[in-house]
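A.B. asks: predicted model follows, preceded by the sequence.
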Amino acid sequence: MSEKTVQIVDPASSAKAELPVVTGTLGDPAIDIGKLNRETGYYTFDPGFMATASTRSSVTFIDGDKGVLLYRGYPIEQLAKHSSFLEVAYLLIKGELPKPAEFSAFEHQITHHTMMHESLKNFLHGFHHDAHPMAMLCASIASLSAFYHDTLDLSDPEQRQLAAIRLIAKMPTIAAAAYRYSIGWPVRYPRNNLEYVTRFLHMMYEVPSEPLDLNPVAAKALDLLFILHADHEQNASTSTVRLVGSTGANPYACVAAGIAALWGPAHGGANEAVLKMLEEIGDAKHVGRAVERAKDKESGFRLMGFGHRVYKNFDPRATIIRDMCHKVLADLHVNDPLLDVAMELEEAALKDDYFVERKLYPNVDFYSGIIYKALKIPTDMFTVMFAIARTAGWVAHWLEQHTDADTRIGRPRQIYCGPVERDYVDRARR
Ligand code: ACO
């Protein structure tokens with residue numbers, strides 16, 4: 001914490017508060033308003049937390065104006081080029097890149113926690129066959145606390161680590177099982193001889209009757225998408241995990257809450273919405289009409305995959321994904337007309353004053369759906385893919401929260417705008 005302070009004065013009442021300035025290693029400083037209400041009688045009002053830092057964190061840094069994204073200090077571009085999702089997961093939760101022996105031990109641990117309890121299959125079978133896989137994932141992850149209630153002592157760092165490992169390990173197994181249930185295929189057990197992403201693709205696509213011929217391009221592409229989606233500091237779902245975590249709730253409940261938050265179309269649900277939008281537009285020649293509709297506030301239509309709360313220049317993940325999208329489609333010999341629609345749409349929007357003035361650029365989800373489609377991942381599984389990757393970030397933040405001396409129950413205030421106090425009127429006299 002710096003010595004600097006900021007003085008807030010209310011000229012009407014002469015009430016004053018000398019508020020400390022909080023600084024981190026990178027990024028803008030913040031004013032610690034903890035004693036503002038006590039000293040001046042005011043709260044702060046910040047719907048959507050546009051200007052509020054909710055915590056100190058050492059996991060991820062974003063500079064939205066410069067398009068910078070760092071996981072534990074490492075630029076996303078370098079991690080995308082040289083690392084793997086599992087190594088990034090280690091980095092996020094432990095704070096440092098693993099040495100070879102550390103990575104082997106971590107991979108072994110993850111691999112040996114991938115099985116889901118057999119009873120969870122019965123649980124999945126209770127869903128209607130056409131249930132959305134996000135609904136099944138959310139409920140199944142919440143149910144894990146019923147299976148592991150004997151290791152939920154949150155004051156024990158080893159039990160916290162175990163929960164983090166279990167979540168990262170089991171998420172792909174449960175996601176694939178939810179998918180297979182929805183299409184009537186038997187659940188495929190995780191194979192320990194495969195690495196994380198390949199194992200997931202096998203659980204998704206291998207049928208009992210024949211071996212799976214998996215193109216390594218698919219596994220590489222998915223691994224990269226997982227790296228890019230692994231964390232994004234205090235986004236809506238991570239903040240949800242932390243808010244629920246602040247009550248002392250168990251990690252499975254916290255992550256289930258994160259999954260629910262991620263599902264919304266303004267957040268992780270955008271990747272599914274982008275593909276539906278591109279399919280609706282259908283042809284590059286209809287792009288102009290879509291752009292006009294997106295500018296018309298009355299239409300209620302937004303360009304999905306455009307805009308971001310923090311990035312007001314470009315989303316560095318989108319730049320990587322855009323290049324990757326072309327490469328994956330070429331390597332897999334996929335000729336998808338939706339890519340033409342996406343490129344035309346991007347070009348039209350980036351030239352349009354409405355989008356330029358509001359600094360609306362393609363975000364991470366603009367191109368990811370086209371890649372998922374090329375990998376034959378069904379549209380309603382797109383947000384599930386995001387959830388698998390983001391689990392690494394969620395658990396990293398949940399672990400961090402549990403060693404942060406500043407953690408207290410999250411409990412925002414409000415500006416009450418309802419009726420003032422009034423007397424109850426008997427029903428017959430209303
Ligand atoms: N299409 C058209 N107009 C848009 C869009 C869009 N995609 N996004 C923002 N705008 C406009 C708003 O109407 C508003 O215009 P105004 O100033 O004339 O009122 C202005 O840009 C600012 O928009 P806000 O909604 O205030 O920005 P906010 O930071 O709250 O929202 C968000 C960010 C939710 C991402 C928004 O841009 C959006 O809805 N985008 C589409 C959904 C999407 O792609 N979400 C994924 C985000 S990334 C992720 O979660 C992985």
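C.D. replies: Arrived safely, thanks for sending. What you are looking at is a predicted structure, and each value in this text was computed from that prediction instead of being measured. Residues are numbered from 1 along each chain as shown.
A.B. asks: mind checking how far the longest helix seen in the chain is from the chain centre?
C.D. replies: Under DSSP state H, the helix in the chain containing the largest number of residues is helix 157-183. The chain centroid and the centroid of helix 157-183 are separated by 16 Å, computed with Cα atoms, centre = their mean, to the nearest Å.
A.B. asks: ditto for stretch 219-236
C.D. replies: On the basis of Cα atoms, centre = their mean, stretch 219-236 sits 8 Å off its chain's mean C-alpha point.
A.B. asks: quick one: buried residues of that stretch?
C.D. replies: Residues of stretch 219-236 classed as buried under the neighbour-count rule (16 or more other Cβ atoms under 10 Å) are 219-236. In short, each C-beta sits where N, CA and C put it, glycine included.
A.B. asks: Glu400 versus Ser155, what's the distance?
C.D. replies: Taking Cβ to Cβ, to the nearest Å as the measure, Ser155 and Glu400 are separated by 16 Å.
A.B. asks: state the mean pLDDT of stretch 326-339.
C.D. replies: Along stretch 326-339, the predicted confidence averages to a pLDDT of 87.
A.B. asks: for whatever residue of the chain ends up closest to the ligand, what are phi and psi?
C.D. replies: Of all residues in the chain, the one sitting closest to the ligand is Gly307 (2.3 Å; Cβ to the nearest ligand atom). Geometry field for Gly307 lists phi and psi as phi 90, psi 150, criterion degrees, to the nearest 10.
A.B. asks: right, and it touches Val364 too?
C.D. replies: No. Because the distance of 11.6 Å does not satisfy Cβ atoms under 8 Å, Gly307 is recorded as not touching Val364.
A.B. asks: contact residues of the stretch 1-150 of the chain facing the ligand?
C.D. replies: By Cβ under 6 Å from any ligand atom, the residues of the stretch 1-150 of the chain that approach the ligand are Gly48.
A.B. asks: going along the chain, name the helices of the stretch 1-150 of the chain.
C.D. replies: Secondary structure of the stretch 1-150 of the chain (DSSP state H, counting those that start in this stretch): helices located at 36-40, 76-82, 85-94, 100-111, 118-125, 133-147.
A.B. asks: need the ones you listed in CSV (columns: mean pLDDT and distance to Leu69).
C.D. replies: Supplementary listing: the helices of the stretch 1-150 of the chain in CSV, determined by pLDDT from 0 to 100; distance: least, Cβ to Cβ, whole Å:
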stretch, mean pLDDT, distance to Leu69
helix 36-40, 94, 32
helix 76-82, 97, 4
helix 85-94, 98, 12
helix 100-111, 98, 23
helix 118-125, 89, 34
helix 133-147, 95, 25
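A.B. asks: okay, strands next: where are they in this structure?
C.D. replies: Remark: strands of the chain, listed N- to C-terminal, are 5-10, 15-22, 30-31, 60-63, 68-71, 74-75; assignment by DSSP state E.
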